[in-house]
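Asker: My questions concern the predicted model and sequence given below.
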Amino acid sequence: MVKCISILGSTGSIGRQSLDIIDHLGIPVAALTAGTNVERMAQQCRKYTPKLAIMATAFAAQELSEKIADLPIRVSWGEEGLIEAATMAQVDCVITAVMGMVGLKPTLAAIRAGKRIGLANKETLVCAGELVMAEAKKYNTEIIPVDSEHSAIFQCLMGCNDRREVKRLILTCSGGPFYGMTRQQLQNVTKADALRHPNWKMGEKITVDCATLMNKGLEVIEAMRLYDLPLEQVDVAIHRQSIVHSFVEFTDGAVMAQLGSPDMRLPIQLAMTYPQRMACPVEPLDLFSCGPLTFSPPDMENFPCLALARACAKAGGTACPVMNGANEEAVAMFLAGKIGFYDIYERVCAAVDSVPFIQNPDLKQILESDRLARQCVKDF
């Protein structure tokens, strides 16, 4: 079990659930970081008294400083603060729960500092997966996925020392709130409709991504990077009950699955305790009351973001960071009521078609592609 933790994104859904597990396990917290939720960060600082608290902006950091002036906590802000939180000497595990490209540089810094990464930031691997995994190999750093699907695959592959034995990975997907609906039915869905996820309680952005199936597309790309497999060996199955979190099919025909209650605290705890398993404050799965388990192929015609993500994964290069950056911007516009549900897909497509493609980008080119994609969505 890890001995000291930094949480990047402590006020969000994954961050708060990580703190639940920290309460359960009694692990000290060295650093907490957040966006602009000063009130919640102040409450967390009073409860956990980290040595360092980081906010996204100077204004938020100043406000936090005033609220916790009586505590021995140093407050800072911005990207440099995130990197410091990710590389503190006493920390041996960093939970990367920030949303978006802001998590990339701190994750790379933590890898180079030899910290275990509890990875909940999709963009890190979607946008720069080859670079990140090469650095993890170079510095012999553990990356343990926190996403329920990737944690499931991680668990199914325990004891598999030869990836040539793996025929394919099958990521399960709830289908989101609009499962079974046609394009015509989806034309006028609202933000409130999109945020009614049937099984999981998550942040707004990821919940909309689940509604468009873009989230599953991002997870396909993550799986390719994490497990060093080609696109053709990563599939998706709709599983409405969210009990089977993913499958691994092996070359001999055996299929292994990981089942559990739909509660993110299970994979979060494993990232902290691996290779140990410990009692977890989650209601155990009761197979006699969970009902029938069903599986079906995804509908990529009415939910084209999944097909788009797979196309970008096949293209490689800057196609993935462009798609990701454009999607972040488009989802933000949808949440702000500026565009419709299908406009998300249209604007992401426009960015992928418009931003110049680079086959083997370096970090600077990845970040520039992300910037251009966001601008393209705004200018659409």
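Answerer: Nice, I can see it. Numbers count the residues shown, from 1 in each chain.
Asker: And stretch 59-71, what's buried?
Answerer: For stretch 59-71, the neighbour count (16 or more other CB atoms under 10 Å) marks A60, A61, E63, L64, S65, K67, I68 as buried. C-beta coordinates here come from the backbone N, C-alpha and C atoms, glycine included.
Asker: tell me which residues in the helix or strand that A309 is a member of are buried?
Answerer: Element membership for A309, per DSSP states H and E: helix 305-315. Residues of helix 305-315 classed as buried by neighbour count (16+ other CB under 10 Å): C305, L306, L308, A309, R310, A311, C312, A313.
Asker: thinking the fifth one is in contact with G217, fair?
Answerer: In this case it means R310. Yes: contact criterion CB atoms under 8 Å: R310 and G217 qualify, at 6.4 Å.
Asker: which residues of the stretch 1-150 of the chain score low on pLDDT?
Answerer: Filtered on pLDDT under 70, the stretch 1-150 of the chain yields no residues whatsoever.
Asker: For it, which segments count as strands?
Answerer: Per DSSP state E, counting those that start in this stretch, the stretch 1-150 of the chain carries strands over the ranges 5-8, 29-33, 52-55, 74-77, 93-96, 116-119, 143-145.
Asker: What of the stretch 201-350 of the chain?
Answerer: Taking DSSP E, counting those that start in this stretch to define them, one finds strands in the stretch 201-350 of the chain at 234-238, 244-250, 255-259.
Asker: State the mean pLDDT of the first one.
Answerer: Just to be clear, that refers to strand 234-238. Regarding strand 234-238, the rounded mean pLDDT is 98.
Asker: now the angle between helix 305-315 and it, please.
Answerer: Relative orientation of strand 234-238 and helix 305-315, computed by axes from the mean of the first three to the mean of the last three CA atoms, to 10 degrees: 170 degrees.
Asker: what angle do strand 234-238 and strand 244-250 make?
Answerer: Using the same axes, to 10 degrees: strand 234-238 against strand 244-250 is 140 degrees.
Asker: Which elements pack onto strand 234-238?
Answerer: Identification of packing neighbours for strand 234-238 by 3 or more CB pairs under 8 Å, 6 or more residues apart in numbering; DSSP states H and E yields strand 166-173, helix 214-227.
Asker: what's the most buried one of these?
Answerer: Highest mean neighbour count of the helices and strands packed on strand 234-238: helix 214-227, a mean of 25 (counted as mean count of other CB atoms under 10 Å).
Asker: quick one, phi/psi of the residue of the chain most remote from its centre?
Answerer: Going by CA atoms, centre = their mean, the residue of the chain most distant from its centre is D70, 34.6 Å out. Here is the backbone geometry of D70 (degrees, to the nearest 10): phi -80, psi 0.
Asker: for stretch 176-183, what is the average pLDDT?
Answerer: For stretch 176-183, mean pLDDT is 93.
Asker: Enumerate the positions of it that are buried.
Answerer: In stretch 176-183, counting by 16+ other CB under 10 Å, buried: G176, P177, F178, Y179, M181.
Asker: got a list of what H197 touches?
Answerer: Listed by CB atoms under 8 Å, 6 or more residues apart in numbering, the contact set of H197 reads S174, G176, P177, T207, C210, A211.
Asker: Kindly state the domain boundaries assigned to the chain.
Answerer: Annotated domains of the chain cover 5-145, 161-261+287-315 [automatic domain parsing].
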